[in-house]
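J.: Build the 3D model from these lines:
(chains A and B)
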Protein chains: 2
Amino acid sequence: MAMMVALTVHGWQSPGHCYRPVPRISTAARKGCSIQGFLKDTTFLLKTSKGDDELHLGLMMKSLGGGHGNVLIKNKTRIHVMSPEISPPSFAVEFLDAWDDEYGGIVVDANSLPSSANAFASALRASLTDWKLKGKKGIWLKILSEQAELIPIAIKEGFDYHHAEPGYGMLTYWVPDGPCMLPDSPSHQIGVGAFVINEKREVLVVKEKCPCNCSGVWKMPTGYINKSEDIFSGAIREVKEETGVDTIFLKLVAFRHAHLVAFEKSDLLFVCMLKPLSSEITIDEKEIQAAKWMPVDEYIGQPFYEEDDMSRKVIEACIAEHEGHYNGFVGRRLSSKLDGKLSYLYYDCSSSF
Amino acid sequence: MAMMVALTVHGWQSPGHCYRPVPRISTAARKGCSIQGFLKDTTFLLKTSKGDDELHLGLMMKSLGGGHGNVLIKNKTRIHVMSPEISPPSFAVEFLDAWDDEYGGIVVDANSLPSSANAFASALRASLTDWKLKGKKGIWLKILSEQAELIPIAIKEGFDYHHAEPGYGMLTYWVPDGPCMLPDSPSHQIGVGAFVINEKREVLVVKEKCPCNCSGVWKMPTGYINKSEDIFSGAIREVKEETGVDTIFLKLVAFRHAHLVAFEKSDLLFVCMLKPLSSEITIDEKEIQAAKWMPVDEYIGQPFYEEDDMSRKVIEACIAEHEGHYNGFVGRRLSSKLDGKLSYLYYDCSSSF
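T.: Alright, predicted model coming up:
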């Protein structure tokens, strides 16, 4: 016998940051139950198909917001049975499990989407109607790759892609009239170049394995940073992977901002001055044809750089930095009250301020 | 009567950059035809269902590669009929229209995918077999949102998302054994902050409309850059939009690199020193609660900044830059031989090098 219950979480506290925490029932706890709505921050309206007068559920409180994806408190809860009757037809419609975000929008729970296309289509339609009535703004709908058959259904309802990566597609829907105010999808790939120069004024250079006409040129090691990797860490890692040389970060010398690089995306390339801690070279044969220490004058004297204003300027800046008459940026880890996190700030520390 | 034709493009020239150009038949031209393979750079093997002994097709030559998405030459062409017979069964299988990329991979033409799910499934399977036999590496399959019903089919064949944005999902498949060497999807959103200070040492500050506990704080104008927009242009635009004040770019003072900001992506925030060209304020009431010129000491004296190391350091650097004892980066447009493009390089130009 299905029944409606109101469920209040006791003993729950806000985690004390600037985003309003929103409750969400953990998937494990809600087998046989579905959320019908939120009465207030700590009380849900719940439908259960079980016949118990009283249920004890494990609950997981979750807050979501810029930078805060996660978890918080597990708790046991009492349930007050509102109506131990068969639900009236108006409650028979399933909604998607979802929670509010801090911008007046909705985040749908990717882990509890209906498994059948039909059930998803009707729940999505019912939820959209509900969100529109409530004046919600942006709807975020993440669909895991294993449920990709739900994608065309969501697109038919007016959703479109925001971004995607291996494992999921993130779709959005903007409810209000007027232009969509949701942020764009990530637009940039972050590259690093490493200028490694030793006390003999020799630069660590590589020849890449690539079919381009630059393949004969001796270049500084370059690569893309990994997910959530810091710029200087990426530079140190790339040098180690490509040449086997250990380094430490000194300064960020310059960076290039290029557009329409790959599939219409943009690219930032940060050039870091690194100090070598070892000299022996072991190349990564998958990516690199050869690597060596090359006298700096021979390096910049290569004909390729005479015709490449960008690279020449970068190398000249690196040499000036090495000779002490240039002001690159250091990286310092600082905390921010805005998001409660430690991040790197890159700035000139040569001046006293 | 279907027939196989070999088709050579005459009068076609390489555009002279480092990527090997690859030919592709324009959608409009190929009604009733399908590409069966490339014999060499300028010759296709073509199947046509038309019975003509000779066809005149409009051809579009296209090269694809890092940064070069583009159309080059339209041409008329002669066709030599290889076999004016009904195609043997081995040629009856449809392949997806696609071209080689410069890394040994394949780019599928999003604009000529079969419209039926069944036809797509069999063409994809046949093409995958063909690409595997040919030792291809990464396969790029862009599926437009209006054909989203093809997504689950591709995922069933082993594709997964690379990235997506409104209008399409880009899927990839890595053919060789061993780890996928394709670049990651774009990982960063680029923000800008603008420090605008006038000759009376007043800073242009705003109060944002947001539910955060920072909403009472007077801050510098901030925002995200648009697609393919330069950092300094984004800063100038945000100031104009939020406050109505015209500015020019002087220096890039510092930048912050933060991770796990929104949906596990990262964020770079570049702080630019701008010089005001006007002083009258007209706020954007959608985003901004209030804006004004505030004495710099009052601005940095706000209690919020005492507890926010990151913001305080940034403001101190901006003030030092304004007072002439700090070395921010200028932005200069330079050409690069590597990609044949003009891009901005940000670097310290205070030193003579």
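J.: for the stretch 101-250 of chain A, what spans make up the helices?
T.: A:117-133, A:151-156, A:231-243 (DSSP state H, counting those that start in this stretch).
J.: How about residues contacting the longest one?
T.: If I follow you right, that is helix A:117-133. A:93-96, A:98, A:106, A:108, A:113-114, A:139, A:141, A:149-150, A:153-154, A:157-158, A:173, A:175 (C-beta atoms under 8 Å, 6 or more residues apart in numbering or on different chains). Using the backbone N, CA and C atoms, a C-beta is placed for each residue, glycine as well.
J.: what do you get if the cut-off is 10 Å, keeping everything else the same?
T.: Applying C-beta atoms under 10 Å, 6 or more residues apart in numbering or on different chains, the contact partners of helix A:117-133 are A:34, A:37, A:93-98, A:105-106, A:108, A:113-114, A:116, A:136-139, A:141, A:143, A:147, A:149-150, A:152-154, A:156-159, A:173, A:175-176, B:152.
J.: hmm, back to that, would you mind finding the most buried of the helices of the stretch 101-250 of chain A?
T.: helix A:231-243 (a mean of 23; mean count of other C-beta atoms under 10 Å in any protein chain shown).
J.: Would you mind giving the helices of the stretch 101-250 of chain A as TSV with mean pLDDT added?
T.: Shown next, in TSV, are these (pLDDT from 0 to 100):
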stretch	mean pLDDT
helix A:117-133	95
helix A:151-156	96
helix A:231-243	97
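J.: wait, which of these is closest to residue B:321?
T.: Smallest distance to residue B:321 across the helices of the stretch 101-250 of chain A (C-beta to C-beta): 21.4 Å, for helix A:231-243.
J.: Distance from that closest one to the middle of the chain?
T.: Put simply, helix A:231-243 sits 21 Å off its chain's centre (C-alpha atoms, centre = their mean, to the nearest Å).
J.: is any part of that helix close to chain B?
T.: Yes - Helix A:231-243 lies within reach of chain B by C-beta under 10 Å from any C-beta of the partner chain, at A:231, A:232.
J.: now do stretch A:345-353
T.: Yes - counting by C-beta under 10 Å from any C-beta, contacts between stretch A:345-353 and chain B involve A:345, A:346, A:347, A:348, A:349, A:350, A:351, A:352, A:353.
J.: ok, how many other residues are close to the fourth one?
T.: What that stands for is residue A:348. The number of residues packed near residue A:348 is 24, by other C-beta atoms under 10 Å in any protein chain shown.
J.: cool, and residue A:160?
T.: 19.
J.: now do residue A:115
T.: 11.
J.: Look up how far residue A:123 lies from it.
T.: Separation of residue A:115 from residue A:123 (C-beta to C-beta, to the nearest Å) stands at 11 Å.
J.: ditto for residue A:210
T.: Distance, residue A:210 to residue A:123, by C-beta to C-beta: 49 Å.
J.: try residue A:208
T.: Counting by C-beta to C-beta - residue A:208 and residue A:123 are separated by 51 Å.
J.: same check, this time on residue A:175
T.: Relative to residue A:123, and taking C-beta to C-beta, residue A:175 is found at 17 Å.
J.: Now do the strands in the stretch 151-300 of chain A.
T.: Counting by DSSP state E, counting those that start in this stretch, the stretch 151-300 of chain A has strands at residues A:160-165, A:168-174, A:188-196, A:202-208, A:222-224, A:247-258, A:266-276, A:288-295.
J.: Among these, which comes closest to residue B:299?
T.: Residue B:299 sits nearest to strand A:247-258 of all those, at 27.1 Å, using C-beta to C-beta.
J.: one step back: could you identify the buried members of the contacts of helix A:117-133?
T.: Neighbour-count burial (16 or more other C-beta atoms under 10 Å in any protein chain shown) is assigned, among the contacts of helix A:117-133, to A:34, A:94-98, A:105-106, A:108, A:113-114, A:136-139, A:141, A:143, A:147, A:149-150, A:152-154, A:159, A:173, A:175, B:152.
J.: Now, the residues you listed that are in strands?
T.: Among those, DSSP state E puts A:34, A:98, A:106, A:108, A:138, A:139, A:141, A:143, A:173 in strands.
J.: quick one, domains of chain A?
T.: According to the TED database, chain A comprises the domains A:98-174, A:188-347.
J.: For those domains, please prepare a markdown table with the additional fields distance to residue B:327.
T.: Listed next are the domains of chain A as a markdown table, based on distance: least, C-beta to C-beta, whole Å:
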| stretch | distance to residue B:327 |
| --- | --- |
| domain A:98-174 | 36 |
| domain A:188-347 | 4 |
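J.: And the ones you listed: which comes nearest residue B:291?
T.: domain A:188-347 (18.9 Å).
J.: so where's chain A uncertain?
T.: A:1-93, A:211-215 (pLDDT under 70).
J.: okay, now the closest residue to residue A:234 other than its chain neighbours: neighbour count?
T.: Once flanking residues are discounted, residue A:234 sits nearest to residue A:225: 3.4 Å by C-beta to C-beta, 6 or more residues apart in numbering or on different chains. When neighbours are counted by other C-beta under 10 Å, residue A:225 registers 25.
J.: my read: residue A:225 touches residue A:192, true?
T.: Yes - at 5.9 Å, residue A:225 and residue A:192 qualify as touching, with contact defined as C-beta atoms under 10 Å.
J.: any shared contact partners between these two?
T.: In contact with both residue A:225 and residue A:192: A:231, A:232, A:233, A:234, A:235, A:237, A:238, A:268, A:270, using C-beta under 10 Å, 6+ apart.
J.: Tell me which two in those are the farthest apart.
T.: A:237 and A:268 (17.2 Å).
J.: which residues does residue A:274 contact?
T.: When contacts are counted by C-beta under 10 Å, 6+ apart, residue A:274 is found next to A:194-197, A:204, A:220-221, A:232, A:235-236, A:238-239, A:245-251.
J.: buried subset of the residues you listed?
T.: Applying 16+ other C-beta under 10 Å to the contacts of residue A:274 flags A:194-197, A:204, A:220-221, A:232, A:235-236, A:238-239, A:245, A:247, A:249-251 as buried.
J.: Nearest residue to residue A:161 in space, please, no chain neighbours.
T.: Nearest one to residue A:161, counting by C-beta to C-beta, 6+ apart, is residue B:164 at 3.8 Å.
J.: ok, now which ones touch that neighbour?
T.: A:151, A:160-165, A:168-171, A:185, B:142-143, B:145, B:151, B:170-171, B:185 are the contacts of residue B:164 under C-beta under 10 Å, 6+ apart.
J.: Touching, residue A:145 and residue A:170? I think so.
T.: No - the criterion here is C-beta under 10 Å, and residue A:145 misses it with residue A:170 at 11.8 Å.
J.: what is in contact with these two at once?
T.: Common contact partners of residue A:145 and residue A:170 (C-beta under 10 Å, 6+ apart): A:164, B:161.
J.: do you know how far the residue lying closest to residue A:230 once chain neighbours are set aside is from residue A:249?
T.: What sits nearest to residue A:230 in space, not counting adjacent residues and going by C-beta to C-beta, 6+ apart, is residue A:344, at 5.6 Å. Distance from residue A:344 to residue A:249, counting by C-beta to C-beta: 10 Å.
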